[in-house]
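K.L.:
Fold the stuff below for me.
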Amino acid sequence: MVPLGRPFLRQLFSLLQRKARFHRTRLSSSAKKDLRWWQLFLSGWSSVSLIQLTRPTFEVFTDASGLKGTGGMYDNRIFASRVPSRHKSKHINWKEMYAVLHAFILWHKEWVHGSLTVVSDNTAVVDGLTNRSIKGPSLQPLRTILLMAAVFNIEIKARWIPSEENVIADAASRHDFKKLTDLGFKDQVLKLRNKPTAAIKTSSLRRQLNDYFNSRLPQPQEETMSLSRKPMKRSAQVDTIPHIQ
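P.N.:
Have a look, this model is predicted:
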């Protein structure tokens with residue numbers, strides 16, 4: 001059973017239900033995309049059972065700014081990145097989904113075989129992650145997120161919060177370093193000024209995914225781990241995306 005793979009069977013089922021002359025049906029572009037998704041997933045799946053009674057739980061906060069870029073926070077670690085220039089004119093929903101993808105690239109290895117809650121102040125992103133589908137260009141980064149989640153056996157949930165409660169991710173997406181400093185991230189702001197988080201390039205992402213799929217995936221954890229819900233510490237570590245050789 002691959003719960004995250006269900007959205008990528010719809011076009012194939014729709015195709016099989018159509019009546020065609022001579023019992024032949026031409027594959028549509030959407031059906032071909034579904035087949036490519038399964039080809040990538042099955043080539044990288046570790047064959048570990050996806051049915052687990054308990055999972056370690058994680059929570060990540062993400063946000064996007066219409067002018068500046070994307071930001072996020074997980075386990076007292078933050079990222080702040082600019083959206084590639086060719087994507088700056090895209091709708092805010094695409095940028096918000098792109099922020100979630102950025103977080104996945106950074107921290108997916110820590111979420112393997114776990115249950116992840118993505119916290120966002122964008123209703124389209126929350127609905128898209130919940131329904132495993134979204135209209136428009138935002139579908140492309142969502143597909144990549146679901147592919148990585150399926151390969152690494154990450155259960156995805158989504159939760160909406162008001163913008164005023166998503167303070168850290170919002171400040172990071174706007175590159176509001178003064179606000180981040182006031183929130184207790186002075187050391188991390190210095191690092192961000194000296195070495196901003198690199199933006200995700202599509203070509204690099206594809207190479208990274210190929211590397212992930214060709215490597216051995218870790219086995220499920222035997223014990224359930226829960227993150228502490230204590231208040232955040234006044235310091236955080238900044239993560240950057242490693243360069244691909």
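
K.L.:
ok, for Gly114, nearest residue in space, not its chain neighbours?
P.N.:
Ranked by CB to CB, 6 or more residues apart in numbering and with sequence neighbours excluded, the top spatial neighbour of Gly114 is Pro56, at 4.4 Å. Every residue, glycine included, has its C-beta placed from N, CA and C.

K.L.:
got it, and Asp127?
P.N.:
Residue nearest to Asp127 in three dimensions, not counting chain neighbours: Ile134, with 7.1 Å by CB to CB, 6+ apart.

K.L.:
Quick one: low-confidence residue ranges for the chain.
P.N.:
Within the chain, the set of residues satisfying pLDDT under 70 comprises 1-8, 10-11, 13-14, 17-24, 43-53, 195-245.

K.L.:
can you give me the helices in this protein?
P.N.:
Listed in chain order, the helices of the chain (DSSP state H) span 10-17, 29-44, 92-107, 123-131, 139-151, 167-173, 177-182, 186-194, 202-214.

K.L.:
for the chain, which strand is longest?
P.N.:
What stands out as the longest strand in the chain, according to DSSP state E, is strand 57-64.

K.L.:
orientation of it relative to helix 92-107 in degrees?
P.N.:
Counting by axes from the mean of the first three to the mean of the last three CA atoms, to 10 degrees, strand 57-64 points 140 degrees away from the direction of helix 92-107.

K.L.:
what angle do strand 57-64 and helix 123-131 make?
P.N.:
Interaxial angle of strand 57-64 relative to helix 123-131 (the same axes, to 10 degrees): 150 degrees.

K.L.:
what does strand 57-64 rub up against?
P.N.:
If you take CB atoms under 8 Å, 6 or more residues apart in numbering as the criterion, strand 57-64 is touched by 70-75, 83, 92, 95-96, 98-100, 102-103, 107, 110-111, 114-122, 125, 163, 166, 168-170, 172-173, 225-227.

K.L.:
List buried residues within the residues you listed.
P.N.:
If you count burial by 16 or more other CB atoms under 10 Å, the buried members of the contacts of strand 57-64 come out as 70-75, 83, 95-96, 98-100, 102-103, 107, 111, 114-116, 118-122, 125, 166, 168-170, 172-173.

K.L.:
Against Lys88, how distant is Asn122?
P.N.:
Distance of Asn122 to Lys88, given as CB to CB, to the nearest Å: 17 Å.

K.L.:
scratch that, Val167
P.N.:
Val167 sits at a distance of 24 Å from Lys88 (criterion: CB to CB).

K.L.:
out of these two, which sits in the busier spot?
P.N.:
Applying other CB atoms under 10 Å to Val167 and Lys88 shows that Val167 carries more neighbours, namely 16 against 13.

K.L.:
residues touching that one, list them.
P.N.:
Contacts were defined as CB under 8 Å, 6+ apart; by that measure Val167 touches Lys179, Leu183.

K.L.:
change it to 7 Å
P.N.:
Leu183 (CB atoms under 7 Å, 6 or more residues apart in numbering).
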